[in-house]
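K.L.:
my questions concern the predicted model and sequence given below.
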Amino acid sequence: MIIEKRLRFKSAVTAVKPMERKKIAIIDATNSVRFFKLDPVILVDGFKTSIEQDPHLLQGSDLSKDGRFVAFSVKKGGVAVFSGNQKRLIYRFRRHEGDVESLCISDSHDYLATGGQDGKTFLWSLVTGRMVASLPHHADFVTAIDFSPNGQWIATGSFDRKILVTNISSLSRHFRLRGHGGAINAIRFIRDHRLVAADKSGEIVVWDYFDQRVVKRLKKMLDEVTSLCVTPDDRFLFAADRSGLVSLYDLNTYEMLSLRYLTYRKPIRKIAYAETGNYLVVGLEDGEVTFNTPLKESERMEEMIDTGKLSEAYRLADENPLLRYSDGYLRLEVLWEEAYEEAVKLLEKGRRDEAKRVLEPFGGESSKRLLIQQLLHDYRMFEKFKTAVENRRFQLAYSLAAQYPSLKQSRYYTQMEEAWHTVFTKAKKLILQNGGEERVKELFKPFRGITGKSVLIQTLLAEREIYKLFMKLVNKRDYRGAIELAKRYPAIQELEEYRKIERLADAIIQKARLELEKGHYAETARLASQLMEFPDQKKTAEALTEEANLYASAMRYFAEKNYDAIYRMLEQYPVLEETKIVKNLEEAWRKVVKEAEIYASKGDIAALKKIFAPFMPIARQRYKIVSLFKQAYIEQIEQGSSSFGKDIDKAVERYLGLFGMDDEIDSWLRLHGKMRERFAEAAANDAGAIDPLLLPDTIMGD
């Protein structure tokens, strides 16, 4: 593996974050923040804070991708947020009971999530500096957090070995994932409603969070997993552990491609993949940082290919499995196929030594070496096989090909297969004629007793009427009847006409999916209706019809501005989340929420009622709306706490009367040293049952 840059800091690396504008940021345990330009790696800026961080936390610091915000978990002091541009403290958040164990800034730069030793997760606006929501609780420390790329979901992991996934757009949807054997150390959202979570036992699990099910348990690592990252296309997963290993997984096949992709002598704290330069950046516990360039080794592979060192090129791909997906490896495989074809031609001419020389450059690669050995061994029987084909002794020829499979690569095997297809095509026409059986039997004589051919021959001869019926159904395009007949008489499935039916069904499916992507839902439904004629494709046809109808309904509701109906559909059919309609709707909703968060930070209830008025009928959004009303009331209490004296206690009691003892007021009371016992404790009310329009404009009384 090529290491383009190696850095050494005095303390453990606590964060590595790829950023916008071709940069990457690195934080160490002394809270030194350094910004580097990538490709090449050059230090361009940085600053240091005097706050004390717990160096043992795996997710105790983070940065926004634009570099504007840098957040630290402060030992016994909540969270400190600095301006990355101005290098100064801008916010202090202290609402958790106990220290903050984990934190994460959203990709959209506007939210910070903090997970505490109290099992709670709070969501903070980085625009207003105020808390905007409290998320579902864990039973133990919250140790890992991640936001989904589309900004709609947040996942939290805990020492309680559970993962909670919450829709932060509405706060009305929650999923609870159970199945880990250790405390959750790292979480990463990936495409198709999946997330990857790793724990202290070394286990890595891929989840479908909508279905709340395990998609795959990946092969375990040797020690506690400390960090995860993926390539920009979500194809490959890198996982680091405390023993110093970086392992590589394919997220399409869920195969571990390499247990020891990278090996270090010290525990690894953080890994990250930077798209600019394709760097795999590894930060260690002793402060070392390496900028590895796995794909740049493809240049070495190209040089090896150019100089004929093909075995070395394959060896390089074995050491770095990512290279198997590079253009260089594709070129290498093309060269192998060409060499193999040339060797076959030479062997057919009896030029064995020349064939060996052609294949010799590939002999160092284990799988190719086995193929070469097989080819050379099998072609010792080539002359006997050739003579059998030329003399139309097909039974012997097929027997030799079965025993020496490399002979199937020869042109004589191709000739034999062509002869069979010619005979079979002619036989299919003759069998339909009166008295054609004897002529068919004569045609098939050279192929009698050959495994694979006998079944087809018997079908034509013994079940002549069945075959005639099948062809009649095919000619009438009665595919349903033809397929049902083939199920009763499996030999029919070997016929080329049956394979044409299968190819036709595949073509209809591909066209239907293309029309669905284009938004042509009526045409998709029409093609799905055609597909229903193929019994084996019934489920696919039903799924396409359902999707087309869903999207068409969503479009109709959007045109009618019936947003509540769209959100109700979204609850039942998560696939709609990636449609343009829902994305547009969510974008409009986010803009409203951003503006509402500013009003909430000022305690302006009247403004909240006005801006949320069009959304009040949407049940799904009620939880989010009420959450911001709560924040506005707490802001009113905060503003009045210095001047109203005992009236503050009355305001708190009014709040409790409206919402009960929830996380929002509970954390505020703790922050201000208020004794909770002074207030009549009541269970938190269901926010979905509260009508915001009936709430008072002030919590401070008349």
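P.N.:
That came through fine. Numbering: from 1, shown residues only.
K.L.:
how's the chain carved up into domains?
P.N.:
Domain assignment of the chain by automatic domain parsing yields the ranges 13-228, 301-411, 580-694.
K.L.:
how about these in a markdown table, adding mean neighbour count and distance to V282?
P.N.:
To be clear about C-beta, it is placed using only N, CA and C from the backbone, and glycine gets the same treatment. A markdown table is the format used below for those (neighbours: other CB atoms under 10 Å; distance: least, CB to CB, whole Å):
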| stretch | mean neighbour count | distance to V282 |
| --- | --- | --- |
| domain 13-228 | 20 | 8 |
| domain 301-411 | 17 | 15 |
| domain 580-694 | 17 | 35 |
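K.L.:
now the ones you listed in CSV, with mean pLDDT?
P.N.:
Shown next, in CSV, are the domains of the chain (pLDDT from 0 to 100):
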stretch, mean pLDDT
domain 13-228, 94
domain 301-411, 93
domain 580-694, 86
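K.L.:
show me what contacts K602?
P.N.:
For K602, the contacting residues are A632, E635, by CB atoms under 8 Å, 6 or more residues apart in numbering.
K.L.:
tell me how far L335 lies from F362.
P.N.:
L335 sits 8 Å away from F362, taking CB to CB, to the nearest Å as the criterion.
K.L.:
any common contacting residues for these two?
P.N.:
Counting by CB under 8 Å, 6+ apart, the contacts common to L335 and F362 are L310.
K.L.:
I2 and N292 touch, don't they?
P.N.:
Yes - using CB atoms under 8 Å, I2 makes contact with N292 at a distance of 6.9 Å.
K.L.:
tell me what the helix or strand containing A588 is packed against?
P.N.:
Applying DSSP states H and E as the criterion places A588 in helix 580-601. Using 3 or more CB pairs under 8 Å, 6 or more residues apart in numbering; DSSP states H and E, the elements in contact with helix 580-601 are helix 538-559, helix 563-572, helix 605-612, helix 622-640.
K.L.:
apply 6 Å and report the result again.
P.N.:
helix 605-612, helix 622-640 (3 or more CB pairs under 6 Å, 6 or more residues apart in numbering; DSSP states H and E).
K.L.:
for those, give me JSON lines that also has distance to V582.
P.N.:
Compiled in JSON lines, these are given as follows (distance: least, CB to CB, whole Å):
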{"stretch": "helix 605-612", "distance to V582": "20"}
{"stretch": "helix 622-640", "distance to V582": "16"}
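K.L.:
for those, which one sits closest to S108?
P.N.:
Across those, S108 has its closest neighbour in helix 622-640 (15.9 Å, CB to CB).
K.L.:
contacts for that closest one?
P.N.:
Helix 622-640 is contacted by residues 132-133, 170-172, 596, 600, 603, 605, 608, 612, 651, 655, 664, 668, 687-688, 690, 692, 695, 699-700 when judged by CB atoms under 6 Å, 6 or more residues apart in numbering.
K.L.:
and for stretch 227-234?
P.N.:
When contacts are defined by CB under 6 Å, 6+ apart, stretch 227-234 is touched by residues 186, 188, 190-191, 196, 198, 237-240, 270-273, 275.
K.L.:
and the residues you listed, which is closest to E494?
P.N.:
Distances from E494 to those, taken by CB to CB, are shortest for R191, at 39.1 Å.
K.L.:
just to revisit the earlier point, I2 and N292: who's more crowded?
P.N.:
Comparing I2 with N292 by other CB atoms under 10 Å, the one with more neighbours is N292, at 24 against 13.
K.L.:
how about that one: what's its closest non-neighbour residue?
P.N.:
Spatial nearest neighbour of N292, excluding adjacent residues (CB to CB, 6 or more residues apart in numbering): L280 at 4.4 Å.
K.L.:
how about that neighbour, secondary structure?
P.N.:
strand (DSSP: H, G, I helix; E, B strand; the rest coil).
K.L.:
re earlier: go through the helices and strands packed on helix 580-601 and name the closest to A525.
P.N.:
With respect to A525, and counting by CB to CB, the nearest of the helices and strands packed on helix 580-601 is helix 622-640 at 34.2 Å.
K.L.:
what's the angle from the closest one to helix 580-601?
P.N.:
20 degrees (axes from the mean of the first three to the mean of the last three CA atoms, to 10 degrees).
K.L.:
roughly how far does the closest residue to K453 other than its chain neighbours sit from I492?
P.N.:
In this structure, K453 finds its nearest non-sequential neighbour in F447, 4.8 Å apart by CB to CB, 6+ apart. Separation of F447 from I492 (CB to CB): 18 Å.
K.L.:
for D160, same thing?
P.N.:
Using CB to CB, one obtains 57 Å as the distance from D160 to I492.
K.L.:
got the contact list for L396?
P.N.:
For L396, the contact set (CB under 6 Å, 6+ apart) comprises A388.
K.L.:
go on, H109?
P.N.:
S64, D66.
K.L.:
now do 8 Å
P.N.:
Applying CB under 8 Å, 6+ apart to H109 gives the contacts S64, K65, D66, R68, F69, L126.
K.L.:
can I get the residues you listed in a markdown table with secondary structure and distance to G481?
P.N.:
Shown next, in a markdown table, are the contacts of H109 (DSSP: H, G, I helix; E, B strand; the rest coil; distance: CB to CB, whole Å):
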| residue | secondary structure | distance to G481 |
| --- | --- | --- |
| S64 | coil | 63 |
| K65 | coil | 59 |
| D66 | coil | 63 |
| R68 | coil | 67 |
| F69 | strand | 66 |
| L126 | coil | 65 |
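K.L.:
can you pull the phi/psi pair for S201?
P.N.:
phi -80, psi -10 (degrees, to the nearest 10).
K.L.:
circling back to that earlier point, which ones among the contacts of stretch 227-234 map onto strands?
P.N.:
186, 188, 190, 196, 198, 237-240, 270-273 (DSSP state E).
K.L.:
looking at those residues, which is nearest E484?
P.N.:
In terms of CB to CB, no member of those lies closer to E484 than I190, at 41.2 Å.
K.L.:
tally of neighbours for the closest residue to that closest one other than its chain neighbours?
P.N.:
Among residues not flanking I190 along the chain, D234 sits closest, at 4.5 Å (CB to CB, 6+ apart). Neighbourhood size, D234 [other CB under 10 Å]: 17.
K.L.:
tell me the spacing between D234 and F470.
P.N.:
Distance from D234 to F470, counting by CB to CB: 45 Å.
K.L.:
the stretch 351-500 of the chain: helices as residue ranges?
P.N.:
Assigned by DSSP state H, counting those that start in this stretch, the helices in the stretch 351-500 of the chain fall at 352-359, 366-378, 382-390, 394-403, 411-430, 437-444, 453-462, 464-475, 479-488, 496-518.
K.L.:
so which elements touch the third one?
P.N.:
For helix 382-390, the helices and strands in contact under the criterion 3+ CB pairs under 8 Å, 6+ apart are helix 327-348, helix 394-403, helix 411-430.
K.L.:
now the contacts of H109 as TSV including distance to N584?
P.N.:
TSV is the format used below for the contacts of H109 (distance: CB to CB, whole Å):
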residue	distance to N584
S64	25
K65	23
D66	24
R68	27
F69	27
L126	24
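K.L.:
how about the helices and strands packed on helix 580-601, which one is nearest L516?
P.N.:
Between those, helix 622-640 lies closest to L516; by CB to CB that is 31.0 Å.
K.L.:
now the angle from that closest one to helix 605-612?
P.N.:
Per the same axes, to 10 degrees, the angle that helix 622-640 makes with helix 605-612 is 160 degrees.
K.L.:
measure how far helix 622-640 is from the centre of its chain, please.
P.N.:
Centroid displacement of helix 622-640 relative to its chain, using CA atoms, centre = their mean, to the nearest Å, is 36 Å.
K.L.:
which SSE is immediately downstream of that helix?
P.N.:
Sequence-wise, the next helix or strand downstream of helix 622-640 (DSSP H and E) is helix 647-659.
K.L.:
show me what that next one is packed up against.
P.N.:
The contact analysis (3+ CB pairs under 8 Å, 6+ apart) places helix 647-659 against helix 622-640, helix 663-671.
K.L.:
what helix or strand is A522 located in?
P.N.:
helix 521-531.
K.L.:
buried residues in that helix?
P.N.:
Residues Y521, E523, T524, A525, L527, A528, Q530, L531 are the ones in helix 521-531 that count as buried (16 or more other CB atoms under 10 Å).
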